[in-house]
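> below: sequence and its predicted model.
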Amino acid sequence: MATVNQYKFVGIDNSTSGAALTPFGSGNPLVSETYLIKSILVTSAGTPTVTITNNSITAIKSAALSANVTTELLTQPLIVEGGKTFTVLSSSSDSFDVAISYLNIKKEVTT
């Protein structure tokens with residue numbers, strides 16, 4: 001199996017309080033992929049708390065944000081394995097923005 005690496009970015013402008021965001025969409029990463037998240041930047045007009053969940057396990061719980069300040073939530077890379085769900089949850093809808101930089105590692109069969 002060969003491994004193909006792709007650096008990617010996804011951003012979400014959210015205005016829904018209490019809604020769990022799935023930045024990579026439903027069903028991603030695929031079983032044949034692994035995401036290595038390098039950066040999660042969040043910005044809000046208010047002062048919500050943010051919770052990051054990886055496959056139903058809380059990776060970051062209730063990180064407090066300051067109004068109008070961009071905050072980096074990760075201190076180390078976070079791995080999201082294929083077929084698992086990654087969510088971001090904000091306690092308020094104060095113009096909450098999420099920016100994620102990640103490495104998509106795809107496994108493909110070569111003959």
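In hand now; what should we look at? Numbering: from 1, shown residues only.
> what does the helix or strand bottoming out on mean pLDDT in the chain contact?
Taking mean pLDDT, DSSP states H and E as the measure, the chain has strand 20-21 as its least confident helix or strand, at a mean of 80. Residues outside strand 20-21 that contact it (CB atoms under 8 Å, 6 or more residues apart in numbering): I12, N14, T53, T87, V88, L89, S90, V98. Just so you know, the C-beta spots here come from the backbone N, C-alpha and C atoms, and that holds for glycine as well.
> the last one: which element?
With elements taken from DSSP states H and E, the one containing V98 is strand 96-108.
> point out where the chain drops to low pLDDT.
Counting by pLDDT under 70, the chain contains low-confidence residues at 1-3, 16-19, 93-94, 109-111.
> quick check: buried residues in stretch 29-42?
Neighbour counts over stretch 29-42 (16 or more other CB atoms under 10 Å) mark P29, E33, T34, Y35, I37, I40, V42 as buried.
> strands of the protein, start to end?
2-14, 20-21, 33-43, 49-54, 57-64, 71-72, 78-81, 86-90, 96-108 (DSSP state E).
> winner for burial among these?
Mean neighbour count, computed with mean count of other CB atoms under 10 Å, is highest for strand 86-90 among the strands of the chain, reaching a mean of 21.
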